[in-house]
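# No letters, just coordinates:
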């Protein structure tokens, strides 16, 4: 397991976005009790991340970005390194600002299992998280905590 010297959770800062799928990165950081929240809108995360890695003198290879992923089923996650954004605008903005994709991403699934009609990502990310789905996410957060601690 790599040594993560900086963990940043992505989300949207305003109250209206609390408890939405797009703020899973913020929720994960809160649960883990370590890391920082981007504090800027998801799609503008790159400049914040760039400032933080300079401030903390961290190489991108030791950076972990935690964010939602609408292509992954709820209750699952993927840890990846050096991958393209796969359409995630926050990840793409970070890649653009850092001029590299060589950083770690913990992509937490928000896609409902066995969904009959595929909800557009833009709609899915802004949905409020139900209590049942929050429990599924907390199970994922517990697993993640054991992996990255």
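Sure thing, it's come through. Remember, predicted model here, so these are calculated numbers, not experimental data.
# Name the residues of the biggest helix by length in the chain that are buried.
As assigned by DSSP state H, the longest helix anywhere in the chain is helix 131-148. Of the residues in helix 131-148, 133, 136, 137, 140, 141, 144, 148 count as buried by neighbour count, 16 or more other C-beta atoms under 10 Å. Every C-beta, even on glycine, is put in place using the N, C-alpha and C of the backbone.
# Run through who's touching that helix.
Helix 131-148 is contacted by residues 1, 4, 7, 19, 24, 27-28, 31-32, 64, 74-77, 79, 106, 108-109, 129 when judged by C-beta atoms under 8 Å, 6 or more residues apart in numbering.
# which secondary element of the chain has the worst mean pLDDT?
Of all helical and strand segments in the chain, the minimum by mean pLDDT, DSSP states H and E falls on helix 121-125, at a mean of 69.
# so who does the residue nearest to the spatial centre of the chain touch?
Of all residues in the chain, the one closest to the mean position by C-alpha atoms, centre = their mean is residue 67, 0.9 Å from it. Counting by C-beta under 8 Å, 6+ apart, residue 67 touches 9-11, 24-25, 42, 88, 90-91, 105-108.
# Next, the angle helix 131-148 makes with the helix or strand hosting it.
Secondary structure assignment for residue 67, by DSSP states H and E: strand 63-73. For strand 63-73 against helix 131-148, the angle by axes from the mean of the first three to the mean of the last three C-alpha atoms, to 10 degrees is 140 degrees.
# Buried ones in strand 63-73, by neighbour count?
Quick answer for strand 63-73 (16+ other C-beta under 10 Å): 63, 64, 65, 66, 67, 68, 69, 70, 73.
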